[in-house]
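Enquirer: just coords:
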């Protein structure tokens, strides 16, 4: 079994504290992963309003925002000015690449993307993606090859814009296996390598899953064969901090079983794009996660 590891980095705190913790953990176990960075202002405090939306707690969302994000992060963009992550933390971001990990784009402004992209037009989407791409170029001196949309939120304009801006593959969706997204009116689209496994915090939000069993439950989920490879999304703010002991137990289980833990670039390298199935992108819910996410939808008509 191959398990692709993707680390989403949402905040300055996750960048400054969570990333170094993960780098040490991965180095100890000789693992490489894909790190996707938020590269603009950290406006985490502006996301607090979503906890008051109907159904947020009814869906079992009992994970602590304070323990995951920290008090200061929850004030950024409201009572405190929003720090620029890319400019403040550029040396740490470069350390990730120097350690051999794959680096890519998560977003420019995490809150702005997650709250607005689904209902935004092509011009807005292009501006946000360009801001992130320019910040990445400034930090790394090269064009980003991989993108993973914040919160699995996107719109019909994104797959073509990714291809136009030089991104070679993306992990914007939840799904079952790699595919080429079919978007009406577009002839270009970036290959999707979707997240196939539940995240640890999604499992925590399911009342039937006990916290001490998290790594075992996720390991069992990974035993279901997937074409190509499974993909697990981690978060620097969670698995890089409070959930790191759980993550380490899971990594040990996978390595003991002989599984390969790889960055997304290794999955992408083995894909024959011409033979990949074409799927539409749908919207739906994932157990333990609040709100609707972009999902791998039905096979496009005429495609197998």
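Expert: Ah, there it is. Worth saying up front: this structure is predicted, and the values here are computed from it rather than measured. Numbering: from 1, shown residues only.
Enquirer: drop to CA atoms for contacts and neighbour counts, all remaining ones
Expert: OK.
Enquirer: the helices in the protein, which residues?
Expert: 12-13, 19-28, 65-69, 85-88, 90-98, 110-116, 122-140, 158-164, 200-204, 214-222, 244-256, 264-269 (DSSP state H).
Enquirer: next, format those helices as a markdown table and append mean pLDDT.
Expert: Listed next are the helices of the chain as a markdown table, based on pLDDT from 0 to 100:
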| stretch | mean pLDDT |
| --- | --- |
| helix 12-13 | 94 |
| helix 19-28 | 98 |
| helix 65-69 | 54 |
| helix 85-88 | 96 |
| helix 90-98 | 98 |
| helix 110-116 | 94 |
| helix 122-140 | 98 |
| helix 158-164 | 95 |
| helix 200-204 | 95 |
| helix 214-222 | 97 |
| helix 244-256 | 98 |
| helix 264-269 | 97 |
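Enquirer: comparing the ones you listed, which comes out most buried?
Expert: helix 12-13 (a mean of 25; mean count of other C-alpha atoms under 10 Å).
Enquirer: coming back round to it: for residue 41, find the nearest of the helices of the chain.
Expert: helix 85-88 (6.0 Å; C-alpha to C-alpha).
Enquirer: how far off centre is the closest one?
Expert: 19 Å (C-alpha atoms, centre = their mean, to the nearest Å).
Enquirer: now swap in stretch 250-257 and tell me
Expert: Counting by C-alpha atoms, centre = their mean, stretch 250-257 comes out at 22 Å from the chain centroid.
Enquirer: residues in contact with that stretch?
Expert: 215, 216, 218, 219, 260, 261 (C-alpha atoms under 8 Å, 6 or more residues apart in numbering).
Enquirer: returning to what we had before: for residue 40, find the nearest of the helices of the chain.
Expert: Using C-alpha to C-alpha, the helices of the chain put helix 85-88 closest to residue 40, at 5.4 Å.
Enquirer: residues in contact with the closest one?
Expert: Taking C-alpha under 8 Å, 6+ apart as the rule, helix 85-88 contacts 11, 12, 15, 38, 39, 40, 41, 42, 135, 136, 139.
Enquirer: any chance of those in TSV, plus distance to residue 163?
Expert: Below are the contacts of helix 85-88 laid out as TSV (distance: C-alpha to C-alpha, whole Å):
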residue	distance to residue 163
11	26
12	28
15	27
38	19
39	20
40	21
41	25
42	26
135	18
136	16
139	21
